[in-house]
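S.K.: Attaching a predicted model along with its sequence, questions to come.
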Amino acid sequence: MKRFGMTLKKFLANKNTVTIVGVLIGILVLYIGYNWRIKQATQPTSVPYANQVIQPRTKITQDMISYMQVPPAMLREGVVRDTRGIVGYYTNYNTMIPEGSLFFRQALVTKDQLPNSAFMEAPEGYAIFSLNVNIETTYGNGMLPGTYVDIYVKYQNDAGQLVVGQWLQNIKILAVKDSGGRAVFENTDESRTPTFMYFALPEDLHLLIRKASYLKSFGMEIYPVPSKEEYETNPGEINVSSQDIRAFIESKSALIDSNLINDNNQDIIENDDEIIFIE
């Protein structure tokens, strides 16, 4: 044992021997490291891909995804490798994902990040209406998306009398935006002034409220009022609280056959005392 220790001591004392051993160890480390990196770059890994064409503004579900084996070296930056970053997300408004394509981070957004994503909440068969508002008519920015309002109108009747009354109930606010189309209540330090309020109505009421918005000669004004009722318990059921208001609006418009109108005519003809809507 003592002889072995002396031999090892002499061996380590030889500088040439130590240099050679160091070089051999370095070569071994480089060889092992190189092979490890080659293996890492060429060993296929499972990544998700689109098994069908996914159109813009589409919510991605698990059945739209399959998996393929791809060498890591072929994966570009931005490829999403975990389905937790894919399922439940939406394709961006300007992005279509082809069948067989990998998923890229820049092509996927959350629902809230989609432009006009609030409009996607409109029930089927409903149309979006935009109401002009301001700080005063929104009660100092007190009307938030997702809350409910009633719609009131103010106008002069045929006798010149001022009429103010509730017309519609149970209207859910979809969005409130400023003059630049930016959401007023986004999480931002920037102060934004409400200009447009958006909500959805069944087509018959949507057409009727648009007719009302053109009755300028009667001083027609349409404005929202915070609801006193808990309409959230029965969402989507819009009530017409005044048939008199509806009758007045309908009495000032007429439906005519568009086939009888020359193609050069406008869709809406405005006179002093009536509006003709062409259908």
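M.R.: All right, it came through fine. Keep in mind that this is a model prediction, so the values were computed, not measured. Residues are numbered from 1 along each chain as shown.
S.K.: Give the rounded mean pLDDT of stretch 152-171.
M.R.: On average, the pLDDT along stretch 152-171 is 91.
S.K.: what distance separates the start and the end of that stretch?
M.R.: Across its full length, stretch 152-171 reaches 11 Å end to end, with CA to CA, to the nearest Å as the criterion.
S.K.: List the buried residues of that stretch.
M.R.: Of the residues in stretch 152-171, 152, 153, 155, 163, 167, 168, 169, 170, 171 count as buried by neighbour count, 16 or more other CB atoms under 10 Å. Yep, even glycine has a C-beta here, placed from its N, CA and C like the rest.
S.K.: again with stretch 67-74
M.R.: Taking 16+ other CB under 10 Å as the neighbour-count basis, stretch 67-74 is seen to contain the buried residues residue 70.
S.K.: next one: it to chain centre, how far?
M.R.: 31 Å (CA atoms, centre = their mean, to the nearest Å).
S.K.: what does stretch 170-189 contact?
M.R.: Judged by CB atoms under 8 Å, 6 or more residues apart in numbering, the contacts made with stretch 170-189 from elsewhere in the structure are 116, 118-119, 121-122, 128, 133, 138, 141, 143-151, 192-201, 224, 227, 229, 231, 234-239.
S.K.: Check stretch 67-86 too.
M.R.: Residues outside stretch 67-86 that contact it (CB under 8 Å, 6+ apart) are 40-49, 60, 62, 65, 102-106, 108.
S.K.: What mean pLDDT does that stretch get?
M.R.: Mean predicted lDDT for stretch 67-86 stands at 86.
S.K.: hey, C-alpha coordinates of stretch 190-206 in CSV?
M.R.: Extracted in CSV, the C-alpha atoms of stretch 190-206 (Å, rounded to 0.1, in the frame of the first residue of the first chain):
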residue,chain,number,x,y,z
GLU,A,190,-54.9,56.0,-18.9
SER,A,191,-58.1,57.9,-18.3
ARG,A,192,-60.7,57.2,-21.0
THR,A,193,-63.9,59.0,-21.7
PRO,A,194,-67.0,56.9,-22.6
THR,A,195,-68.3,57.6,-26.1
PHE,A,196,-70.1,54.4,-27.2
MET,A,197,-72.1,51.9,-25.3
TYR,A,198,-72.8,48.5,-27.0
PHE,A,199,-75.6,46.1,-26.3
ALA,A,200,-77.4,43.4,-28.3
LEU,A,201,-81.1,43.3,-29.2
PRO,A,202,-83.5,41.0,-31.0
GLU,A,203,-83.7,42.0,-34.6
ASP,A,204,-87.2,43.5,-34.3
LEU,A,205,-86.1,45.8,-31.4
HIS,A,206,-82.8,46.5,-33.1
